[in-house]
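Q: Sequence first, predicted coordinates after that:
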Amino acid sequence: MSPLARTFYLFTGFHSFLLGLLPLFIPVILWDKGLTIRDIAYFVVLTSVGFLGALYYWDRLRAHHQWRKLISCSFIFQGVFVALLVWDQQHLLVTLGALINGMAGCFYWSTQRLLFQAITEEKNTGNTFGNFQILVVFALKIGVLVGSYLLGMAYFGGLLILSFVLSLIGFYWVNKSLQSNRQLYALKQVPAFTLKQIIQFKDNNKSTLIFIVDGLFLFLESYFWVLTIYLLTQANVMRLGLIIVALSLLLALIFFFIKKHIDRVNAQLIYSFAVIGYASSWLIRAELSQDINSVMLYIGLLLVAFLSNFFRLAFNKRFYDIARQHQPTRYIICKSYYSQFMLILFFSLIALFVPLENSAVNQLQILYYLSIPLVFVYFVYGRHKAISGLNIQ
């Protein structure tokens with residue numbers, strides 16, 4: 001394994017564990033603190049504001065090869081947010097905490113995407129993303145097991161200490177990997193981008209349209225879908241953790257068998273199938289309710305997890321292939337700007353118009369039904385060129 005790949009996997013592995021330890025349960029913690037669907041939507045809005053503010057400075061640190069600062073900030077912001085998450089100060093959490101959550105997300109996800117782009121080769125984005133998916137599943141779900149147990153037992157002090165210690169260990173090992181990683185510092189970095197350059201971005205792949213809708217689905221999954229599973233499983237954190245882990249182990253097994261084949265199959269066929277499956281997953285989410293029997297519920301959850309993760313595998317393969325056609329760094333940064341800005345708009349609308357007279361599950365079901373037509377926007381992504389295998393012809 002190259003030093004660059006080792007740095008990427010260390011960085012991703014530690015952060016995935018830390019995300020599973022507590023931040024994955026953000027919507028559940030907010031709900032248990034008495035917040036409504038409307039309140040959680042506003043929390044997402046402020047998270048996106050924090051992300052956008054941090055992205056401006058992240059881009060300038062990136063342009064000057066400040067890798068140590070980028071990685072330090074990712075661990076520091078995440079540690080501060082975890083402290084606010086376990087501290088019983090609701091108003092501070094939903095304001096300052098939301099902003100810091102966005103900053104932590106910016107420094108982790110932006111750095112991770114940049115490193116991932118650097119380690120992928122032209123003929124292995126599907127295989128590399130498959131390996132990445134398995135690593136995330138393994139590290140994240142160990143964190144979920146530990147986090148759900150400690151959260152269920154209300155060991156908030158233990159959660160805080162464990163998160164702090166692992167952040168220090170993670171920073172130490174990633175920084176140690178950086179010190180011997182000349183390949184990373186040798187990567188050519190383009191100058192930081194201006195707002196004008198971001199606004200003027202345009203290509204023939206309908207990328208801007210995809211940037212706009214993709215953030216919505218990512219946050220619907222990471223906030224409202226996690227909360228839906230929690231409510232459907234009798235609001236039990238430990239049960240939620242076990243369900244997430246069980247689903248992930250099954251998915252990891254599936255991805256292990258398909259990751260080496262995705263680069264060999266006609267990419268347009270795979271992608272089209274994945275989009276249809278993703279639309280179906282939102283229909284299934286909208287149909288699941290507290291009245292359904294346990295067997296059908298768990299079958300539905302497994303099917304949703306598979307269809308969603310398979311779509312992400314196909315979508316990310318296409319995303320990084322298309323990014324390589326452009327200036328990859330600009331492409332990745334443009335996605336973040338457009339996605340986060342539209343999240344502010346989308347979730348503000350959700351907060352304003354969510355029907356308060358319905359139960360939480362019914363409110364979320366309405367959102368899932370409304371989101372289904374937007375899934376088909378993904379069909380236009382990269383259709384101007386036939387993508388066969390991995391090579392863009």
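A: Good, I have the coordinates.
Q: what ranges do the helices span in the stretch 101-250 of the chain?
A: For the stretch 101-250 of the chain, the helices defined by DSSP state H, counting those that start in this stretch cover 125-152, 156-179, 182-186, 195-199, 207-219, 226-232, 237-258.
Q: For the third one, which helices and strands make contact with it?
A: With contacts taken as 3 or more C-beta pairs under 8 Å, 6 or more residues apart in numbering; DSSP states H and E, helix 182-186 sits against helix 3-21. All C-beta atoms are positioned from the backbone trio N, CA, C, and that covers glycine.
Q: Scan the protein for its longest helix.
A: helix 294-325 (DSSP state H).
Q: hmm, back to that, so which of the helices of the stretch 101-250 of the chain is nearest Q78?
A: helix 156-179 (6.7 Å; C-beta to C-beta).
Q: about what we covered before: so for the longest helix of the chain, what gets flagged as buried?
A: Under the neighbour-count criterion of 16 or more other C-beta atoms under 10 Å, helix 294-325 has 297, 300-301, 304-323 buried.
Q: now for that helix, which elements pack on it?
A: Using 3+ C-beta pairs under 8 Å, 6+ apart: helix 294-325 touches helix 98-119, helix 125-152, helix 237-258, helix 267-287, helix 328-353, strand 391-392.
Q: So which of the ones you listed is nearest F201?
A: Of all the helices and strands packed on helix 294-325, helix 328-353 comes closest under C-beta to C-beta, at 4.6 Å.
Q: in that closest one, what counts as buried?
A: 328-344, 346-347, 350-351.
Q: Take the helices and strands packed on helix 294-325 and lay them out in JSON lines including mean pLDDT.
A: Formatted as JSON lines, the helices and strands packed on helix 294-325 follow (pLDDT from 0 to 100):
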{"stretch": "helix 98-119", "mean pLDDT": "90"}
{"stretch": "helix 125-152", "mean pLDDT": "69"}
{"stretch": "helix 237-258", "mean pLDDT": "76"}
{"stretch": "helix 267-287", "mean pLDDT": "93"}
{"stretch": "helix 328-353", "mean pLDDT": "93"}
{"stretch": "strand 391-392", "mean pLDDT": "31"}
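Q: Dump the ones you listed to CSV, plus distance to R62.
A: Listed next are those as CSV, based on distance: least, C-beta to C-beta, whole Å:
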stretch, distance to R62
helix 98-119, 7
helix 125-152, 20
helix 237-258, 30
helix 267-287, 29
helix 328-353, 7
strand 391-392, 26
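Q: Out of these, flag the one nearest G79.
A: Nearest of those (C-beta to C-beta): helix 98-119, 8.5 Å.
Q: Identify the residues contacting the residue nearest to I198 when sequence neighbours are not counted.
A: Computed as C-beta to C-beta, 6 or more residues apart in numbering, the closest residue to I198 that is not its neighbour in sequence is Y337, at 5.0 Å. Going by C-beta atoms under 8 Å, 6 or more residues apart in numbering, Y337 touches 52, 55, 198.
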